[in-house]
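> return atomic coordinates for the entry below.
(chains A and B)
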Amino acid sequence: MSEKPYENPLTAGINVAHAPQPCTLVIFGGGGDLSRRKLLPAVFNQALDGELPANFAVLGFAIENMDDVSYRAFARKGIEQFSRQALEPTFWADFETRLHYLQGSMDNPEAYQQLKQRLDEIDAHFGIPGNRVFYLAIPPTLIETCVSQIKAAGLVMPVDGHSPFSRIIVEKPIGRDLESARRVNATLSDNFNEQQIYRIDHYLGKETVQNILAMRFANAIFEPLWNSKHIDHVQITVAEEEGVGTRAGYYDKAGALRDMIQNHILQLLTLIAMEPPWIMDADVIRDHRQDILNCLRPITSENFDQHVVRAQYGPGFHHGEDVPGYRRETGVAQDSITETFVALKLFIDNWRWAGVPFYVRTGKRMPKRASEIAIQFKSVPPILFNANHDQPLEPNVLALSIQPNEGLSLRIATKLPGAKLKIFPVKMDFRYGSTFGEQSPEAYERLLLDVMAGDATLFMRRDAVESSWAWVDNILNIWASSRTRWIPEYASGTWGPLEADRLIETDNRKWRML
Amino acid sequence: MIAKPPSSKIVGLKPKRVSISEIDAALSQAWMQLNQDIRGGHMVMRACMSNLIIYCDNVEEAAAISQEISKIVEAHPSRILLLIGGGQPAEGNIEAKVSIYYTALNDALQVCAERIDVIASALAVERLPSVARSNLIGDLPITLWWSSRQPAPEAGELFFQLAELANQIIYDNMGWVNPAKGVASMTRWVAAQQDTQIVHNLAWRRFANWRKLIGQVLDPQAEPDALNNINLIEIEHGPHALVLTWLFVGWLASRLQWKSVDGKRLSDSEMIWRFQKNQREIKVDVKRLPEGEPLLYRVLFDWSRSDKPGRLCFERLDHDRIGIVESLSTVPARVFQASVPTRAALISAQLAYRNREKVFEDAIKASNEMSGVFQK
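Numbering: from 1, shown residues only, chains lettered A, B, ... in the order given. Below is the predicted model:
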């Protein structure tokens, strides 16, 4: 049975379908980095913007030795450092009363009983009708224990349309390959209904990503062109300036393919490539995204080198400063062959996208932080304005910038003023920040509100996670079977190795300069 | 030479006085000047989402609106036509001033508003709609913000002609001289509009955070007995907020299906209404505070039964917060962020709203019924 909004005549007209409902947000690992940098600032901003339900509280649950008072100080420090809006003392004094903490070990059943008791007290104090959102901000190794304990403590309510809701948010990575992802999903399914599970990918909460659907399906001019007849190719770039930083322990075992491609980039791809949904319904949209994953052409050992490039950053410059290569980073094995860069050429074998290459690249220590999806349209015929073979017209490009400046641009050809017929490309730029003058909410803010409202549209379903792992596993298995200890290197501060350039230039195309 | 604005900050060019026939040419000239000044191969782009026609009665009100325009266009880039009736043009009966607002966008500039002020003497007010008609940007939604102290339908032909141009009409009932008459005439006029035109009262957005908060706190999941058993509501509002309060009560009555039975003015600052639902009586006591801003200050709900107390009081604590005081307490148990919105914020938010709002229309119908009962 699905979760249904209950009747409240006073909330009519206040977009009830998307109104966050009264609840307690329980952050497992509430004393950790994710909580401090992202979750608590997100909740604070939501409260400041008046977006949170009136009956709302936060309970941090973690091993760190804190109480309510010290947790509030911990939260304050994180908010002062990472919130997009400044901490205002009067508001803080009210806000902090909603923050609570319970110290406990993830594997201690008694701690979960205390948790239950504490939640009941919070419910009574804040008028919360037993609704709970459990956020697992914990290492993947603890998921199984934590989820089973939540269930064993009687904290998971049935999805029957009458009981208070229990929703669980799970952070990536969900597994490190198909087999382990299935294990994680099985654990979640043993304890929660799929409708209660929200697998978060913060990329999907970004304004531009959400705008992909609006741009495609709220404008009549794009969709007729959105196919192999008019689109030459698509480029997706997710470039990071930073090196591995403090994440070496995790990253050296994961690499760019697992860290970026399996989740963020494949999810972006599905939004760009999906067929039009007939309704804005979470499952309908996720079905359509799933169709794209089902159509992804598997990469095999026969065509591997033409489709996959991996590399690792070597020493170089970052904003003019010397930076070490990956293997010299703290916590990285000196003979590591973990990839910090991946470039792929992939195809979606369906009617709409037949023959259109999707070039994808992601890497660390690139010249700038930039994430972009670029749709390059086919060139106009080589006649009339495009008759000069030495100087062909630049094709139209629709570029969706995801970070750091969210927006979109369209490159069109126009005649320069004057007697001569000179055509010049002009970029029409649209930036959320400068056009609307308001700061877009952080992705976590939007996604947390979605969970409180019971909207799973921007979250990954089990089948999507497993399909993307199945596709990525092909590549991982071929790498594993090659037994090579060599990996191409690119200088820090560059756009990747020569091999990546060759991958696209073989097709007479080029990576976009970002 | 233009000033390079700091990133994302709106800058307005100095207004240029022009004759009505020169408005378009003067705007083109301003664009050209910006393009020349920016140089370096960059260009000026225009972002525009709406036409906003603003009508106000005099230059004093126009000056107040002028202060708000950059805030409005920052959130909702628009062409602004500020029409001022009862003004004193430097020459003749009618004249215009044009200006451009822009913001930095990377190395380029983005024009986010073109502003045209049209100042008409009392004799030339009837010419304002024709000026507006000639200077709208095609293919964009048109909103009329009726910022006159006179309830719109009472302004007659001027209002009707401007309203005919618009997809949306925003009015503000703050400061109406005769609230009951204003509510009645506005309700009749709203009811007569076709489905394609949106009519909106700023007061509705002014208490939006009260609606949201009350709706959430008295939610049947949190307070199962409250909504079906309310027997008393006490409201305190500031000066000039009677019509707002009236609309607020109309909202409650329409959502909770109360029928107004009678009303009585107890004094200059207090009135009561009685409503009925399923043989149950609901009393609403409204008091005006001697001083303060035109806001709701306190709303108390009582749904006590002989065997079970039930009472919650919402109080505005300051400009940014509303607190909830529970039964038998005087200290707010919970405090919520609920900033009093600026008028510019209300306008820019409403500009982006493109649908008729049935809940609002039900509320003004109910508030009109209340005025009828009151006039019995």
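
> domain assignment for chain B?
Using automatic domain parsing, the domains assigned to chain B come out as B:11-166, B:206-375.

> hang on, A:S70 is in a helix, isn't it?
Yes - using DSSP: H, G, I helix; E, B strand; the rest coil, the assignment for A:S70 is a helix.

> residues touching the closest residue to A:H264 other than its chain neighbours, list them.
Counting by CB to CB, 6 or more residues apart in numbering or on different chains, A:H264 lies nearest to A:Y203, which is 4.3 Å off, once chain neighbours are set aside. All C-beta atoms are positioned from the backbone trio N, CA, C, and that covers glycine. Contact partners of A:Y203, counting by CB atoms under 8 Å, 6 or more residues apart in numbering or on different chains, are A:209, A:263-264, A:267-268, A:371, A:402, A:443.

> any idea how far A:P20 is from A:Y203?
21 Å (CB to CB, to the nearest Å).

> what of A:Q306?
48 Å.

> surely B:D172 touches B:L202?
Yes - shown here, B:D172 and B:L202 form a contact pair, counting by CB atoms under 8 Å, at 4.2 Å.

> touching both of these two, which residues are there?
By CB under 8 Å, 6+ apart, B:D172 and B:L202 have these common neighbours: B:R343.

> touching, B:S147 and B:D172? I think so.
Yes - counting by CB under 8 Å, B:S147 touches B:D172, with 6.5 Å between them.

> with secondary structure added, can I get the contacts of A:Y203 in TSV?
As requested, these are arranged in TSV below (three-state DSSP):
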residue	secondary structure
A:V209	helix
A:N263	helix
A:H264	helix
A:Q267	helix
A:L268	helix
A:S371	strand
A:I402	strand
A:A443	helix
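
> min pLDDT across those, which one?
Taking pLDDT as the measure, the contacts of A:Y203 have their low point at A:V209 (79).

> any idea how far A:Y313 is from the residue nearest to A:H264?
Relative to A:Y313, A:Y203 is positioned 22 Å away (CB to CB).

> can you check B:W145 too?
The spacing between B:W145 and A:Y313, counted by CB to CB, is 56 Å.

> next: B:E154.
72 Å.

> with A:E96 instead?
Distance from A:E96 to A:Y313, by CB to CB: 42 Å.

> same question for A:W495.
Counting by CB to CB - A:W495 and A:Y313 are separated by 11 Å.

> next one: A:T300
28 Å.

> and the two? which has more neighbours close in?
The residue with more neighbours, out of A:T300 and A:Y313, is A:Y313; 29 against 11, by other CB atoms under 10 Å in any protein chain shown.

> isn't the more buried one up against A:Y326?
Yes - if you go by CB under 8 Å, A:Y313 and A:Y326 touch, sitting 5.1 Å apart.

> overlap in contacts, the two.
By CB under 8 Å, 6+ apart, the residues touching both A:Y313 and A:Y326 are A:243, A:340, A:364-365.

> what distance do you get for the residue of chain A most remote from its centre to A:F385?
Farthest-out residue of chain A from its mean C-alpha position, per CA atoms, centre = their mean: A:A419, at 49.7 Å. Here the criterion is CB to CB. By it, A:A419 lies 16 Å from A:F385.
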